[in-house]
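A.B. asks: sequence and predicted structure are below.
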Amino acid sequence: MKYSDYEIAFSAARLNRYLVACGGNRSKALSLYRHNVKLCQKFYGILNVFEVVLRNAINRHYQNYFNDRDWIRNQCAEGGMLDRAPQRMEIERTVTMLERQGKYSNDRLVSSVTFGFWTYLFNRIPFRSGGMNLLQIFPNRTPGLAQRPIYNELQEIKTFRNRIAHHEAICFNSIGEIDLNYAQEKLDLIKKYVTFLGYNPIELFWGTGIRPYSLIEKINKI
């Protein structure tokens, strides 16, 4: 395919950012675009694993705290912890849909709600309504690290996840230069919270083929 064909397929505006960063070299621009796609694929796998272990830890915690295996659904009731949650209507719609399909269970509900719901639970309001003890899921967290900074850092991870889900570039800095510091910082942040949860990141991600480092090196050499 000619470069002009790729401009039609991907849009000239989308490719232009890569072209400018590569000094007008079309071949390098396309290589950078492809490497960014592959890097996003790697990070999507990392984020998927992180989301699963985080939501399972939260689910176990609140099942024990509320003594209720179906706490998400029940805490959406008036006066419950999730009564005013932005995701309340989404949760209720999901419950209704699963019940109509005859597939409702707490496990299905846990896997159906968004990553944003799980990070929201560290916000001040649900954190207080939920007993102010959610940080117990992080047995290895830095001593003294409180609710607010944890919430902020989890929001950073959520924003990174959303950028990847929307196929945005993660290989540039704020002025459009090729720069992997942003992606590297978010990888380090994810690994930090995996460690906080009590897991070894190398062991947790073992066998998944999740190794973004070689791609980072290739991008840095463009």
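C.D. replies: Ah, there it is.

A.B. asks: can you classify Arg69 as helix, strand or coil?
C.D. replies: coil (DSSP: H, G, I helix; E, B strand; the rest coil).

A.B. asks: tell me which helix or strand in the protein has the weakest average pLDDT.
C.D. replies: Within the chain, no helix or strand scores below helix 213-220, which has a mean of 77 by mean pLDDT, DSSP states H and E.

A.B. asks: where in the protein is pLDDT low?
C.D. replies: Applying pLDDT under 70 to the chain flags residues 207-211, 213.

A.B. asks: and if we set it to 90?
C.D. replies: 1, 38, 41-42, 44-45, 165-167, 202, 205-222 (pLDDT under 90).

A.B. asks: what angle do the top helix by length along the chain and helix 213-220 make?
C.D. replies: Using DSSP state H, we find that the single longest helix of the chain is helix 26-66. Between helix 26-66 and helix 213-220, the angle comes out at 140 degrees (axes from the mean of the first three to the mean of the last three Cα atoms, to 10 degrees).

A.B. asks: next, the buried residues of the helix or strand immediately after helix 26-66 in the chain.
C.D. replies: Using DSSP states H and E, the helix or strand that follows helix 26-66 in sequence is helix 71-74. Buried residues in helix 71-74, defined by neighbour count with 16 or more other Cβ atoms under 10 Å: Trp71, Ile72, Arg73. C-beta here means a position set from N, CA and C on the backbone, and glycine is covered the same way.
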